[in-house]
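Asker: The following block contains a protein sequence and its predicted model.
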Amino acid sequence: KTHRMRMKKIKNILISQPRPLSDRNPYADLETSFGVQCDFQQLIRVEGVGIREFRDQHIYFEEYTAVIVSSRLGIDHFFRLCEEMRYTVPDTMKYFCVSEKIASYLQKYIQYRKRKVFFPSVETNKVEELLPQSKRHSDEKYLVAVSDVNKDTLIPLLEENKITCARAAFYKTVSADIAQGKPFDYDMVTFFSPEGIPSLKKNYPNFEQGEVVIAALGAKTAK
């Protein structure tokens, strides 16, 4: 009952996600059940790191024999930069992926069966699960492909086990321009990652919460 009373006060909701492709989604149910209007606007967007930015990290592809990737974006931007920098990825390169699904995505760029691709037997999507396999290939030199906001958890583990590795940002998260001079006119705003909060402040520098309800996905976003 309390939930429904609060929803009666909410008319416009900013969903910081792309609009779902299908009409059958939880947001459509919200609109139907409570008579609210959901506005879908991504607060953040991903951009590839440029050649100059990459070189500023002092990373040289030829020094590494293995790549660790945790997302499709990591794979896309790894091969993009290799191409832009005219580096031919050797057939001997080894790929360590957080899941079989991510590993399968490599087929977009390589002949999957002719390369050495590794992933955990358990689908947890946690990069730490790659440590046992990395230890079995401890002679490799690992390049960990991440975003600029990634909080490293695997690299300290690799270093503790005397495994040569380096972190490299291949893509970055930037604020999307959604305000375009318009005032903030929402009763509720949803955040799906911590990076969305600075974007809201950038788009609406005079934003004050007041009666605005804030929804956050995950403890890190809420914090």
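Answerer: Received the coordinates, thanks. Numbering: from 1, shown residues only.
Asker: And the helices in the chain, which stretches?
Answerer: Applying DSSP state H to the chain gives helices spanning 2-9, 26-34, 51-55, 72-84, 100-105, 131-136, 154-160, 196-203, 219-222.
Asker: Comparing the ones you listed, which yields the minimum mean pLDDT?
Answerer: In terms of mean pLDDT, the lowest-scoring of the helices of the chain is helix 2-9 (a mean of 56).
Asker: So what's the residue count around residue 31?
Answerer: Other residues lying near residue 31 total 14 when counted by other CB atoms under 10 Å. C-beta: built from backbone N, CA, C; applies to glycine.
Asker: for residue 36, what are its contacts?
Answerer: For residue 36, the contact set (CB atoms under 8 Å, 6 or more residues apart in numbering) comprises 7, 10-13, 30.
Asker: Please report which of those has the highest neighbour count.
Answerer: residue 13 (22 neighbours).
Asker: Direction included, what does the longest strand that the chain contains pair up with?
Answerer: Assignment by DSSP state E gives strand 165-175 as the longest strand of the chain. As defined by DSSP bridges, the strand partners of strand 165-175 come to strand 44-48 (antiparallel), strand 142-147 (parallel).
Asker: Same question for it: list its buried residues.
Answerer: 165-173, 175 (16 or more other CB atoms under 10 Å).
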